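Visitor: I'd like to go over a predicted model; first the sequence, then the structure.
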Amino acid sequence: MTESQLVLDRDGFVAALGGVVEQARTTGNHLGLMLVDLSNLRLINHRHGYEIGDLLLTEAGRQLVATSKLPSTVFRIGGHTFAFILPQLNTPAFIALALNRVQRLLDESLYIDDAITPVQLRIGLAVNLEGKHSSLATLSRAEASLARVKRGAVLEIDSLIVEEESSQTDIALEQHFSEALYDNAFELHFQPKVDLRSGRVCSAEALLRWHLPGYGAVSPERVVQLAEDSGQMYELTRWVVNRALRALRDWPDTAGFPLAVNIPAGLVNSPDLADMLQGALAIWGVEPSMLIVEVTEGAVIEDKEAGFNNLQHLRELGIGLSIDDFGTGYSSLSYFKHIPATEIKIDQFFVRRILNDNQDRALVGIIIDIAHLFGFSVVAEGVEDGQTLQCLRELGCDVVQGYYFSRPLPETELLAWLRECDGQPGITAS
Ligand code: C2E
Ligand code: MG
Ligand code: MG
């Protein structure tokens, strides 16, 4: 290793990485980026002097250059961090070989003697198939990997490669997602919630649907993930809210029940949420009491303080608040006292088990009783058969939602279904 290779050279590194990414893009080969960190170097300098520290750094650089054999692939990019670019790989499996080799060589060559504190080697890795990611994205993925390893995670190359392969389709999907949002290509389907006492439809939940031509249906969870990854969660939710409110405005009075929309965890604590909802209600001329927001239990307990305040504000505006997937978030009983909700929705996981599992049935019964004590209405989601419905009725559940009554339907089909049963599917179904 020459002296110059010990010098920090971030610019040289970024340029070299850019060149390799470009090369991969044109040749269709792959590349890897390894970040090799001598993470306790500061401690070694402190204990044994800079001379020893420098010796270790020089030796690490020398070994990396010797392993690479290629020009402009090894750089020192931090006080104790080297970047090792692995260009022109025919198969990503070579990365595993390179990693093992580097690990073994450095473990051996950085040993001085028993009196010297051993070097703690931490290696982070990014795989970039066919140069599809930019050089900066590659670097930040390698940095994230290194950060995970420093926190104690084990570097799993196979899963890194699988993750990378699936992220290739994500990149394409992300692109389609942005276009779909722009082109208004999403749809909402509506699933009725039925009041068990009156047998009437008392509200409906709006559920996102995306049919991508040539691909098929993309699940709403996936769509929400895509929105999050591309930083468009707010825009997607605004679309959902406006589309639902437009439906409320257009529907005949016979369907005069509130609509529920799902609000993603990331927006629950956002001060923009209330403004967005208020703005949309004003645009469509809909009363706040006709809108229910569903937020998952997990999202609310994530940041209790901010989340509760924000949700309290929505309640003050007159908007209904439903706690979705209840029972999965491990909240404590004191939660009931503080949550400003109007309704809780027991997660399908429990609903599905109440017929066969006595404990789950008892649990659902207790949740219903406590919820009632605090004045919440209880919805059971995922009700698929009459027996489960009967059991929920006996446990005191107020409202059910599930395939037993109806799947989520497109707007016109829901309106036809409502006409047919006159808004009272419960009368015939129970
Ligand atoms: P969720 O809010 O808990 O919605 C209930 C899910 O259960 C829906 O799945 C619904 O179709 C399904 N379901 C209803 N009844 C039954 C039943 O009897 N049996 C079974 N097996 N399933 C039933 P879907 O539409 O696939 O939505 C999944 C999740 O995606 C939703 O769970 C919600 O968390 C999310 N999601 C859907 N639409 C939106 C949206 O517009 N925005 C956001 N942020 N998330 C959404
Ligand atoms: Mg929901
Ligand atoms: Mg749910």
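Guide: Sure thing, it's come through. Residues are numbered from 1 along each chain as shown. Ligands and ions are numbered 1, 2, ... in the order given.
Visitor: and Lys345, that's in a helix?
Guide: No - applying DSSP: H, G, I helix; E, B strand; the rest coil, one finds Lys345 to be strand, outside a helix.
Visitor: partners of His189 in the sheet?
Guide: Beta-bridge partners recorded for His189 (DSSP bridges): Leu207, Pro410.
Visitor: Which residues are in contact with it?
Guide: By C-beta atoms under 8 Å, 6 or more residues apart in numbering, the residues touching His189 are 206-207, 209, 408-410, 414. Every C-beta, even on glycine, is put in place using the N, C-alpha and C of the backbone.
Visitor: can we see that at 7 Å?
Guide: Neighbouring residues of His189 by C-beta atoms under 7 Å, 6 or more residues apart in numbering: 207, 209, 408-410.
Visitor: Just the buried subset of those, please.
Guide: Buried members of the contacts of His189, scored by 16 or more other C-beta atoms under 10 Å, are 207, 209, 408-409.
Visitor: related to what we said a few turns ago, and ligand 1, which of the contacts of His189 contact it?
Guide: Restricting the contacts of His189 to those touching ligand 1 (C-beta under 6 Å from any ligand atom) yields 207, 408.
Visitor: In CSV, list the contacts of His189 along with pLDDT.
Guide: Below are those laid out as CSV (pLDDT from 0 to 100):
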residue, pLDDT
Leu207, 98
Arg209, 97
Pro408, 97
Leu409, 97
Pro410, 97
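Visitor: Mind putting the contacts of His189 into JSON lines with distance to ligand 3?
Guide: Converted to JSON lines, those look like this (distance: C-beta to the ion, whole Å):
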{"residue": "Leu207", "distance to ligand 3": "10"}
{"residue": "Arg209", "distance to ligand 3": "16"}
{"residue": "Pro408", "distance to ligand 3": "12"}
{"residue": "Leu409", "distance to ligand 3": "18"}
{"residue": "Pro410", "distance to ligand 3": "20"}
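Visitor: Stretch 370-388 and ligand 1, are they touching?
Guide: Yes - judged by C-beta under 6 Å from any ligand atom, stretch 370-388 comes into contact with ligand 1 at 381-384.
Visitor: Find the pair from those with maximum spatial separation.
Guide: Using C-beta to C-beta, those span at most 10.5 Å, a distance reached by Glu381 and Glu384.
Visitor: ok, so what distance separates Val400 from Ile319?
Guide: Per C-beta to C-beta, to the nearest Å, Val400 is found 23 Å from Ile319.
Visitor: In terms of neighbours, single out the busier of the two.
Guide: Neighbour comparison, Val400 and Ile319: the larger count goes to Val400, with 27 against 22 (by other C-beta atoms under 10 Å).
Visitor: what about the closest residue to ligand 2 within the stretch 51-200 of the chain, which SS state?
Guide: Using C-beta to the ion, the single residue of the stretch 51-200 of the chain nearest to ligand 2 is Gln191, 9.2 Å away. Three-state call for Gln191 (three-state DSSP): strand.
Visitor: again with Val261
Guide: Val261 ends up strand, using three-state DSSP.
Visitor: Contacts only, for it.
Guide: By C-beta under 7 Å, 6+ apart, the contact set of Val261 is 206, 240-241, 244, 293-294.
Visitor: Report the entries of those that also contact ligand 1.
Guide: Among these, ligand 1 is touched by 240, 294 when using C-beta under 6 Å from any ligand atom.
Visitor: Which ones among the contacts of Val261 map onto helices?
Guide: Cross-referencing the contacts of Val261 against helices under DSSP state H gives 240-241, 244.
Visitor: could you dump these to a markdown table with pLDDT?
Guide: Shown next, in a markdown table, are the ones in helices among the contacts of Val261 (pLDDT from 0 to 100):
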| residue | pLDDT |
| --- | --- |
| Val240 | 98 |
| Val241 | 98 |
| Ala244 | 97 |
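Visitor: and those residues as CSV, adding distance to Asp195 and neighbour count?
Guide: Output for the ones in helices among the contacts of Val261, formatted as CSV (distance: C-beta to C-beta, whole Å; neighbours: other C-beta atoms under 10 Å):
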residue, distance to Asp195, neighbour count
Val240, 24, 23
Val241, 24, 23
Ala244, 20, 25
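Visitor: For Asp54, see how far away His80 is.
Guide: Distance of His80 to Asp54, given as C-beta to C-beta: 11 Å.
Visitor: for Pro71, same thing?
Guide: From Pro71 across to Asp54, the span is 24 Å (C-beta to C-beta).
Visitor: Between those two, which is the more surrounded one?
Guide: Neighbour tally, Pro71 and Asp54, criterion other C-beta under 10 Å: the higher count belongs to Asp54, 13 against 8.
Visitor: Would you map the strands across this protein?
Guide: Under the criterion DSSP state E, the chain contains strands at 30-38, 74-78, 81-89, 121-128, 187-195, 201-212, 216-218, 259-262, 291-296, 320-326, 343-346, 377-381, 399-401, 409-410.
Visitor: Can you flag the weakest of the ones you listed by average pLDDT?
Guide: Ranked by mean pLDDT, those bottom out at strand 216-218, with a mean of 87.
Visitor: Work out the gap between that one and the centre of the chain.
Guide: 18 Å (C-alpha atoms, centre = their mean, to the nearest Å).
Visitor: what residue ranges in the stretch 101-250 of the chain score low on pLDDT?
Guide: Flagging of the stretch 101-250 of the chain using pLDDT under 70 yields the residue ranges 168-169.
Visitor: Which part of it gets nearest to ligand 3, residue-wise?
Guide: Relative to ligand 3, the nearest point of the stretch 101-250 of the chain is Glu205 (8.7 Å; C-beta to the ion).
Visitor: I figured that residue was touching Ala260, is that so?
Guide: Yes - shown here, Glu205 and Ala260 form a contact pair, counting by C-beta atoms under 7 Å, at 4.5 Å.
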